[in-house]
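> Predicted model and sequence below, questions to follow.
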Amino acid sequence: MRKFLSYQPLFAVILFILSCHSTYQPQAVQYKDYRIAPGQSSSNEMNALLKPYSDSVNKSMNDEIAVAGMTLEKKQPEGALGNVLADAMLVMAREKYQTKIDASFVNYGGIRLSSIPKGSISRGKVFELSPFDNMIVLLTLNGKVLQQFLDHVAAKGGWPCAGISFQIKNKVAVNINIAGKAFDSSKDYVIALADYVANGGDDCVMLKDIAQQGNGYLFRDAVLNYFSKLNKEGKQVTASIENRITNAE
């Protein structure tokens, strides 16, 4: 009697085999079933079958997509790496959604590297930096909810952000400015952030019931696109500390 083994998506299997060395995740998959006879060892055959694909994946992950003009470090309340990632989210979200977005936020714990060294940035490095398939979504928040969210970010020590600045005093957000203007608690603001956070992740319970606008655009893809965009423009990936978030004295 023949046995049949239905495998996961072929590309996913390739990346699973590579997972002991990397954190890459598939974006496009194709399904196929493979027949294995009784007593037949599939290991060598599968390795041979997957080798051309794994070689292709590894080559793609080693491709240079940009150059860091400086060491980009992850720090709180503000760091160069966080500023770059928040900028990437804001710039690419505005491009993909074609609508006004006031600010963006990247949850600090979602950044999985402590730094990106000066020099070549590979595609694989971005996958290491952001291994999760988090999508960028837009939320329209009234001033009260936005203040609650900012207070939460402040209590966490500060998250990477763009389009907004504020100070942390007694774990509360104060002196808030959005697009260079003083925060108005009577206004609504559109923010971009990961769906993980919008769904209440990282204790952001104040966001759970807010309607989301999404189009399936991954945060990791936004970073890849942003870095590639800079590279095509002949620019290196750099950032400066701009007092987006500071601790009040």
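Arrived safely, thanks for sending. Residues are numbered from 1 along each chain as shown.

> Can you list the buried residues in stretch 221-229?
Neighbour-count burial for stretch 221-229, with 16 or more other CB atoms under 10 Å as criterion, is recorded at 221-227, 229. In this view, the C-beta of every residue, glycine as well, is placed from N, C-alpha and C.

> Can you give me every residue that contacts Leu150?
Leu150 makes contacts with 166, 173, 176, as judged by CB atoms under 8 Å, 6 or more residues apart in numbering.

> For His152, which residues are in contact?
Taking CB under 8 Å, 6+ apart, one finds 203-204, 206 in contact with His152.

> Over to Ala192?
89-90, 93, 101, 103-105, 136-138.

> Need those in JSON lines (columns: secondary structure and pLDDT).
Shown next, in JSON lines, are these (DSSP: H, G, I helix; E, B strand; the rest coil; pLDDT from 0 to 100):
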{"residue": "Met89", "secondary structure": "helix", "pLDDT": "98"}
{"residue": "Leu90", "secondary structure": "helix", "pLDDT": "98"}
{"residue": "Ala93", "secondary structure": "helix", "pLDDT": "98"}
{"residue": "Ile101", "secondary structure": "coil", "pLDDT": "98"}
{"residue": "Ala103", "secondary structure": "strand", "pLDDT": "98"}
{"residue": "Ser104", "secondary structure": "strand", "pLDDT": "98"}
{"residue": "Phe105", "secondary structure": "strand", "pLDDT": "98"}
{"residue": "Ile136", "secondary structure": "strand", "pLDDT": "98"}
{"residue": "Val137", "secondary structure": "strand", "pLDDT": "98"}
{"residue": "Leu138", "secondary structure": "strand", "pLDDT": "98"}
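
> And the residues you listed, which is closest to Ala198?
Proximity of these to Ala198 (CB to CB) peaks at Val137, which lies at 5.0 Å.

> surely that closest one meets Ile191?
No: contact between Val137 and Ile191 fails when scored by CB atoms under 8 Å: they sit 9.5 Å apart.

> quick revisit: what about the buried residues of stretch 221-229, which are in helices?
Among those, the ones falling in helices (DSSP state H) are 221-227, 229.

> how about the most centrally placed residue in the chain, what does it touch?
Centroid-nearest residue in the chain, with CA atoms, centre = their mean: Phe219, separated by 3.8 Å. Neighbour list for Phe219: 89, 106, 130, 134-136, 194 [criterion: CB under 8 Å, 6+ apart].

> Quick check: of those residues, which lies closest to Asn44?
Ser130 (34.4 Å).

> Neighbours of the closest one, how many?
Residues lying near Ser130 (other CB atoms under 10 Å) number 25.

> Same check on the one 3 residues further on?
Counted with other CB under 10 Å, the burial measure for Asp133 works out to 14 neighbours.

> Next: Ile191.
26.

> now Gly82
Residues near Gly82, counting by other CB under 10 Å, number 27.

> Show me the shaky parts of this structure.
The chain contains residues with pLDDT under 70 at 1-43, 47-59.

> Try it again at 80.
Within the chain, the stretches with pLDDT under 80 are 1-59, 249.

> Could you list the domains of it?
According to automatic domain parsing, the chain comprises the domains 3-62, 65-247.

> Can you say which of those domains is packed in most?
Most buried of the domains of the chain by mean neighbour count (mean count of other CB atoms under 10 Å) is domain 65-247; its value is a mean of 18.

> end-to-end on that domain?
The straight-line separation of the ends of domain 65-247 (CA to CA, to the nearest Å) is 35 Å.
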